[in-house]
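1. what's the 3D shape of this:
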Amino acid sequence: MKTTTVEFIMAGRRQRRRRGILVTGLLALISCLLCCAMLLLGSTIYPVKDVVRALAGEQIKGVSFAVHTLRLPRMLAGVFAGFAFGLAGNTFQTMLRNPLANPNVIGITSGSSAAAVFCILILHTSDAVVSAASVIAGLATVIIIYLLSRGTSFSVGRLILVGIGVQAMLSAVISYLLLVGAQQDIPAALRWLSGSLNGVQMHELPSLVITVLVLAPIVIVLGKHLSILELGEQSAASLGVHTDKTRIALIFSSVCMIALATAATGPIAFVAFLSGPIAKRLVGAGFSSVIPAGLVGVNLVLAADLFGQFAFETRFPVGIITGILGAPYLIFLLIRMNRKGDL
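-> Residues are numbered from 1 along each chain as shown. Prediction:
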């Protein structure tokens, strides 16, 4: 009987693992297909062989310019920013044990955006300075929110409420900057607020790409501790997890990725908010949702960008499409949490 029970448990574990690997593989395949669509589709649809030749370095009239200058930077920005938003959003939601605890809702992206808009409109700095200011402001926003939410003891609910208040204040700051900024600088600043892949240049991407390639493995490796942190501080410590060091490493890595993704594409709405819940539903219990959440983020950004480009007569930025998708889910989540008494 004992052997049968153990075998039953192990069989269930293998089944969950197979499901998780299958879902992760399918998400990766969809991401590859969307990347191909980003390179092939546009005002002119080029043959696959011409796009491949252009990517290989061959100069083809019209194709080389469109691929290297317009489509490839747009696709890479969508991939790395989407992965960063999805990974970071899932990390915050899991670590803080609340689906509302994501960078968009608690004001982290607003802090990065406010710093970027200030640098663009007031200081007129270079892209490198904008990226650095965005990272610093994102980290500073996290520290401020954490200190204000501590009180006598740490509370996730208090952190979310403080984050919403900080986000409202930063949104007011951004509105003020748009009012006092020079008229010719307003379009560049509005790009940060809407979240768009339009006009992304290849020279703007190295910092984002390097940051994601360096910090994403840290989040993935520490991701095995996320489910343990969900059990609570004392339970995680009793199981051998260095809670403070793990939480600091996860928060620092996530905030840096979010800040640089925001610096490259603007705060693409609700990608960080939707990726984690979608990934967890797809892979099910018993399998890490860290990598799937990043892939869901990539798919959301690329699919929303393609939809915004070709589904309507007017082209819409990716942030508008993801905002349309995310707003109803946020309302649904608030209603469900209110019924459960979690709010």
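
2. what residues are up against Val318?
-> Gly78, Gly195, Ser196, Leu197, Thr265, Ile268, Val301, Ala304, Asp305, Gly308 (C-beta atoms under 8 Å, 6 or more residues apart in numbering). Yep, even glycine has a C-beta here, placed from its N, CA and C like the rest.

3. may I ask which two of the residues you listed are separated the most?
-> Thr265 and Gly308 (13.0 Å; C-beta to C-beta).

4. which one's more surrounded, the two?
-> The neighbour count for Thr265 versus Gly308, taken as other C-beta atoms under 10 Å, is higher for Thr265 (33 against 22).

5. with adjacent residues omitted, what lies nearest to that one?
-> The shortest distance from Thr265 to any non-neighbouring residue, by C-beta to C-beta, 6 or more residues apart in numbering, is to Ala81 (4.5 Å).

6. so which strand or helix has the nearest residue to Leu159 once chain neighbours are set aside?
-> Using C-beta to C-beta, 6+ apart and skipping the chain neighbours, the partner closest in space to Leu159 is Ser149 (4.0 Å). Assigned by DSSP states H and E, Ser149 belongs to helix 127-150.

7. which helices and strands sit right next to that helix?
-> Applying 3 or more C-beta pairs under 8 Å, 6 or more residues apart in numbering; DSSP states H and E, we find helix 127-150 packed against helix 108-118, helix 156-180, helix 243-265.

8. so the residue nearest to Thr265 is in which element?
-> Assigned by DSSP H and E, Ala81 falls in helix 72-95.

9. quick check: Ile164 vs Val52, distance?
-> 48 Å (C-beta to C-beta, to the nearest Å).

10. one more: Phe92?
-> 39 Å.

11. circling back: can you tell me what sits against the helix holding Ser149?
-> Residues contacting helix 127-150 (C-beta under 8 Å, 6+ apart): 106-116, 118-120, 123, 125, 155, 158-159, 161-163, 166, 170, 203-204, 207, 251-252, 255-256, 258-260, 262-264.

12. just the C-alpha atoms of that helix, please, in PDB.
-> Extracted as PDB, the C-alpha positions of helix 127-150 are listed here (Å, rounded to 0.1, in the frame of the first residue of the first chain):
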ATOM      1  CA  ASP A 127      19.300  58.100 -23.900                       C
ATOM      2  CA  ALA A 128      22.000  56.700 -21.600                       C
ATOM      3  CA  VAL A 129      21.200  59.200 -18.900                       C
ATOM      4  CA  VAL A 130      17.500  58.600 -19.300                       C
ATOM      5  CA  SER A 131      18.000  54.800 -18.800                       C
ATOM      6  CA  ALA A 132      20.200  55.400 -15.700                       C
ATOM      7  CA  ALA A 133      17.700  57.800 -14.200                       C
ATOM      8  CA  SER A 134      14.900  55.400 -14.900                       C
ATOM      9  CA  VAL A 135      16.700  52.600 -13.000                       C
ATOM     10  CA  ILE A 136      17.600  54.800 -10.100                       C
ATOM     11  CA  ALA A 137      14.100  56.200  -9.900                       C
ATOM     12  CA  GLY A 138      12.600  52.700 -10.000                       C
ATOM     13  CA  LEU A 139      14.800  51.500  -7.100                       C
ATOM     14  CA  ALA A 140      14.200  54.700  -5.100                       C
ATOM     15  CA  THR A 141      10.400  54.200  -5.600                       C
ATOM     16  CA  VAL A 142      10.600  50.700  -4.300                       C
ATOM     17  CA  ILE A 143      12.600  51.800  -1.200                       C
ATOM     18  CA  ILE A 144      10.100  54.700  -0.500                       C
ATOM     19  CA  ILE A 145       7.100  52.400  -0.800                       C
ATOM     20  CA  TYR A 146       8.700  49.800   1.400                       C
ATOM     21  CA  LEU A 147       9.600  52.300   4.100                       C
ATOM     22  CA  LEU A 148       6.200  53.900   4.100                       C
ATOM     23  CA  SER A 149       4.400  50.600   4.300                       C
ATOM     24  CA  ARG A 150       6.400  49.100   7.200                       C
END
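
13. list the helices and strands the longest helix seen in the chain packs on?
-> Ranked by number of residues, the top helix in the chain under DSSP state H is helix 2-40. Here helix 2-40 touches helix 48-55, helix 72-95, helix 271-283, helix 290-310, going by 3+ C-beta pairs under 8 Å, 6+ apart.

14. determine the set of other helices and strands touching the shortest one.
-> In terms of contacts (3+ C-beta pairs under 8 Å, 6+ apart), helix 48-55 is packed against helix 2-40, helix 63-65.

15. burial count for Val63?
-> Neighbours of Val63 using other C-beta under 10 Å come to 19.

16. now it: how far from Lys49?
-> Taking C-beta to C-beta, one finds Val63 at 10 Å from Lys49.

17. quick one: mean pLDDT over stretch 74-85.
-> What stretch 74-85 shows for mean pLDDT is 94.

18. ok, residues contacting that stretch?
-> Contacts for stretch 74-85 (C-beta under 8 Å, 6+ apart): 31, 35, 38-39, 103, 197-198, 200, 202, 204-205, 208-209, 211-212, 216, 257-258, 260-261, 264-265, 268, 271-272, 275, 294-295, 297-302, 305, 318.

19. how about 7 Å then?
-> 35, 38-39, 197, 200, 205, 208-209, 212, 216, 257-258, 261, 264-265, 268, 271-272, 275, 294, 297-298, 300-302, 305 (C-beta atoms under 7 Å, 6 or more residues apart in numbering).
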